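1. need a 3D model of the following:
(chains A and B)
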2 protein chains.
Amino acid sequence: MRLSDLDTPAIIVDLDIMERNLRKAADYARSNGLRLRPHTKTHKSPALGRRQLDLGAAGLSVAKSTEAEVMLQSGTSDLLLAYPVIGRQKLQRLTEIARRSALTVSLDSLAAARPISDAAREAGVEIGVLAEVDVGLGRVGVQPGDELLSLVSGLARLPHLRWRGIAFYPGHIKELDDRGRADLETLRSTLFDTIRHLEQNSLHPEIVSGGSTPLLWYSHTIPGMNEIRPGTYIFNDRNTVYSGACTRADCAATILATVVSTAPGRMIIDGGSKTFSSDRLGYTADVTWGEILEAPHARFHKMNEEHGYVDLHAESTAFSVGDRVRVLPNHICVAVNLHEQVYGFRGDEVVEVWKVEGRGKLQ
Amino acid sequence: MRLSDLDTPAIIVDLDIMERNLRKAADYARSNGLRLRPHTKTHKSPALGRRQLDLGAAGLSVAKSTEAEVMLQSGTSDLLLAYPVIGRQKLQRLTEIARRSALTVSLDSLAAARPISDAAREAGVEIGVLAEVDVGLGRVGVQPGDELLSLVSGLARLPHLRWRGIAFYPGHIKELDDRGRADLETLRSTLFDTIRHLEQNSLHPEIVSGGSTPLLWYSHTIPGMNEIRPGTYIFNDRNTVYSGACTRADCAATILATVVSTAPGRMIIDGGSKTFSSDRLGYTADVTWGEILEAPHARFHKMNEEHGYVDLHAESTAFSVGDRVRVLPNHICVAVNLHEQVYGFRGDEVVEVWKVEGRGKLQ
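-> This is a model prediction of the structure:
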């Protein structure tokens, strides 16, 4: 099948670029003594999780217990569920997963940890835990210092749990501008102090798991961190380009769309918020929904659920009904989650089709 | 199963409210001589399409050819595909659907119409067409007047197509404030002139299909319109409340979520942009992602993919890890599209589960 045979809209992935992205991160991790544990929320496909493992990943990360179930199909033997697991059905899923793979959960309260310990005891399994520490995002995580010490001390005492270390997510650092560099400096000293404080209390974190795609290539400069969990890096997107962590040439995934209507100065393409998602760019006040590769001066400025509005006043290329364009999306992780499958191509040939098995796995 | 047994996040629908919404629209349509043809993009579930037909709808609307395939399972005998159908695979789907149900397509160019005529001829079927007219949104649709006349004259001549009338979508009118009322007045005279112009040229539109949820209850005031296609009205959402087309008491769907982390003045719930979508409110500059029924003074002000950030500084109710809340979303159509199923309840009892069969049917 050729690209021109694909029905639209469709997410298409340039395999050469994707594999280069995977190898580059694996090489970087290896040469800096970091364990690479990609977050699979970007692709939600066991086949791509397998590819990441084959190309150097040490294990995989997921956000939800149902995603973890799906990602077992990758054949991974080591999963991190980087999300507090709360609720009866999720605990049952957790213990079933723990029978099939090493499983670690990050969490930030003993209220979350105790039911996991109880469920693990009943099921006769052991589950690893990381204490989540808030390094500035204000999302999940206890405060560094006494609050973390208290959580870790509690975790270390709970039966059938194995306290393995700490986790953090520096999502407040989006790019390495002046403010980002200052925040990165603060992150370094916070982490240095945090680990020293734990060790002074005879609590030695075996795993210090953190990082994000924007900070990916700075991971070796963060003291004590020995595991990274980038997600978007497999495909990259407009946000990653803006963050400085990649160039446009590193963007592997675009969305193939068809022009369905034209009028003077504008065209409508066959995808809107149900194809691209309504995630804005995180880096600019400019509200556009993607870059059209064939029309660099077009502005994809508005969407309804199934319609993309493209302003062509500044663009010299003319488009007709039936023409196809490729759109670089703002945020590929939420776009993939809207599609049933993703197509891998080399040249003009579609050579792989991945079902987005983890799509809608929200529990 | 009780609501308390549901794993979260989950979309739950109060069946009494939903059925009241369906009956109210059907009664309104019947008493005003309008054909009700609900847009099923809101629920994407054949079982709910069936319910709409059973409660008074004359047929169903869909946006994409793959959605149309799915919606055949509702048992409908009359489908409107309110979207220009472009491309080989879609044409094939179209003729297969036309063998199983009366099918009408709205479109705005002969470039879109000719291949449908060809495909219908080859397959030996007849497909209805509506000429889409742009009444102010600037999306699809030709301009009223000569442009429309030229399109309709062309459609009427194409073999194996049956020209049935016109379609329009007044999506530029979001609420009936001063500007909205003026736009509605313009819409009335545009439509009056448009229909007269066609009739003066011996082209008599059997179907005049239009409307939107915000204008639903004004449909009888729009001259010539005889078919309405509301979508959101089955569930309603924050946007519908803001538009004035319903009250909070008419909102049937909420999203059940669990508190997974707390810190002074804030909590995190187990849903973000992959649960609620990133659609903002269309009616206010206030960027919040939903209303928490149990915490009217909380601000659900930020999301990541799987995390909802709730500011509790102004809220008197205290929340603990494991507590559950119900969230009224901004835009229910895009939220449903992110979930595998939707749960219908009465009182505390979950009595129906609908698979979102049309989820991800983008082609």
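2. quick one, domains of chain A?
-> A:16-235, A:248-355 (automatic domain parsing).
3. how far off centre is the shortest one?
-> So that's domain A:248-355. In terms of CA atoms, centre = their mean, to the nearest Å, the centre of domain A:248-355 is found 21 Å from the chain centre.
4. so where do the helices sit in the stretch 251-363 of chain A?
-> A:273-276, A:332-336 (DSSP state H, counting those that start in this stretch).
5. that older thread, redo the domains of chain A as CSV? Include mean pLDDT and distance to B:Ala68.
-> Bear in mind the C-beta positions are built from the backbone N, C-alpha and C, glycine included. What follows is the domains of chain A, written out as CSV (pLDDT from 0 to 100; distance: least, CB to CB, whole Å):
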stretch, mean pLDDT, distance to B:Ala68
domain A:16-235, 97, 26
domain A:248-355, 97, 13
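6. picking up where we left off before, how about the helices of the stretch 251-363 of chain A in JSON lines, adding distance to chain B and mean neighbour count?
-> Converted to JSON lines, the helices of the stretch 251-363 of chain A look like this (distance: least, CB to the nearest CB, whole Å; neighbours: other CB atoms under 10 Å in any protein chain shown):
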{"stretch": "helix A:273-276", "distance to chain B": "5", "mean neighbour count": "26"}
{"stretch": "helix A:332-336", "distance to chain B": "6", "mean neighbour count": "26"}
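7. need the contact list for A:Ile292.
-> The contact partners of A:Ile292, by CB atoms under 8 Å, 6 or more residues apart in numbering or on different chains, come to A:298, A:300, A:310, A:325-327.
8. swap in A:Pro296?
-> Neighbours of A:Pro296 in contact, by CB under 8 Å, 6+ apart: A:Glu315.
9. pretty sure A:Asp78 is touching A:Leu60, no?
-> Yes: applying CB atoms under 8 Å as the test, A:Asp78 and A:Leu60 come out as touching, 7.4 Å apart.
10. more neighbours: those two, which one.
-> A:Leu60 (28 against 16; other CB atoms under 10 Å in any protein chain shown).
11. quick one, phi/psi of that one?
-> Main-chain torsions, A:Leu60, degrees, to the nearest 10: phi -130, psi 160.
12. how close does it get to chain B?
-> Remark: distance between A:Leu60 and chain B (CB to the nearest CB, to the nearest Å) = 16 Å.
13. you'd agree that residue is up against A:Leu79?
-> Yes: A:Leu60 is within contact range of A:Leu79, at 5.8 Å (criterion: CB under 8 Å).
14. intersection of neighbour lists for those two?
-> A:Met71.
15. picking up where we left off before, redo the helices of the stretch 251-363 of chain A as a markdown table? Include distance to A:Gly154.
-> Shown next, in a markdown table, are those (distance: least, CB to CB, whole Å):
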| stretch | distance to A:Gly154 |
| --- | --- |
| helix A:273-276 | 43 |
| helix A:332-336 | 33 |
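16. sorry, back to before: neighbour-wise, give me the winner out of the contacts of A:Ile292.
-> Most crowded among these, counting by other CB under 10 Å, is A:Val327 at 28 neighbours.
17. mind listing the strands for the stretch 251-363 of chain A?
-> A:253-263, A:266-269, A:290-292, A:299-303, A:308-311, A:324-329, A:341-346, A:349-355 (DSSP state E, counting those that start in this stretch).
18. just put those strands in CSV and tack on distance to B:Leu34.
-> Listed next are these as CSV, based on distance: least, CB to CB, whole Å:
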stretch, distance to B:Leu34
strand A:253-263, 27
strand A:266-269, 27
strand A:290-292, 38
strand A:299-303, 29
strand A:308-311, 29
strand A:324-329, 38
strand A:341-346, 40
strand A:349-355, 42
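19. make TSV out of the domains of chain A and add distance to B:Val152.
-> Shown next, in TSV, are those (distance: least, CB to CB, whole Å):
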stretch	distance to B:Val152
domain A:16-235	45
domain A:248-355	16
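20. B:Ala29: which of the ones you listed is closest?
-> Closest to B:Ala29 of those, according to CB to CB: domain A:248-355, at 23.1 Å.
21. how long is the closest one end to end?
-> End-to-end span of domain A:248-355 (CA to CA, to the nearest Å): 25 Å.
22. give me the number of neighbouring residues for the closest residue to A:Leu22 other than its chain neighbours.
-> Distances taken as CB to CB, 6 or more residues apart in numbering or on different chains put A:Leu55 closest to A:Leu22, at 4.4 Å, once the chain neighbours are dropped. A:Leu55 has 19 neighbours, counted by other CB under 10 Å.
23. relative to A:Thr66, how far out is A:Leu55?
-> Computed with CB to CB, to the nearest Å, the distance linking A:Leu55 and A:Thr66 is 26 Å.
24. ok, now A:Leu107?
-> 17 Å.
25. those two - which one has more neighbours?
-> A:Leu107 (29 against 19).
26. re earlier: quickly list what's touching both of A:Asp78 and A:Leu60.
-> Common neighbours of A:Asp78 and A:Leu60 (CB under 8 Å, 6+ apart) are A:Arg37.
27. rewinding a little: quick check: the residue nearest to A:Leu22 touching A:Lys24?
-> No: look at A:Leu55 against A:Lys24 with CB under 8 Å: they stay out of range, at 9.9 Å.
28. secondary structure element holding the residue lying closest to A:Ala98 once chain neighbours are set aside?
-> Once flanking residues are discounted, A:Ala98 sits nearest to A:Val125: 4.1 Å by CB to CB, 6+ apart. For A:Val125, there is no enclosing helix or strand under DSSP states H and E.
29. for A:Val125, grab the count of nearby residues.
-> When neighbours are counted by other CB under 10 Å, A:Val125 comes out with 17.
30. next: A:Asp16.
-> 13.
31. same deal with A:Thr8?
-> 23.
32. where does it land in three-state SS?
-> What DSSP: H, G, I helix; E, B strand; the rest coil gives for A:Thr8 is coil.
33. which residue is the nearest non-sequential neighbour of it?
-> Per CB to CB, 6+ apart, closest to A:Thr8 is A:Thr258, 4.5 Å.
34. beta partners for that neighbour?
-> Going by DSSP bridges, A:Thr258 is paired in beta bridges with A:Arg324.
35. wait, what's in contact with it?
-> A:8-9, A:269-270, A:322-325, B:86-87.
36. who's in contact with A:Leu34?
-> A:28, A:219-220, A:225-228 are the contacts of A:Leu34 under CB under 8 Å, 6+ apart.
37. in the stretch 51-200 of chain A, which spans are strands?
-> Counting by DSSP E, counting those that start in this stretch, the strands of the stretch 51-200 of chain A are A:60-62, A:78-81, A:102-107, A:127-132, A:161-167.
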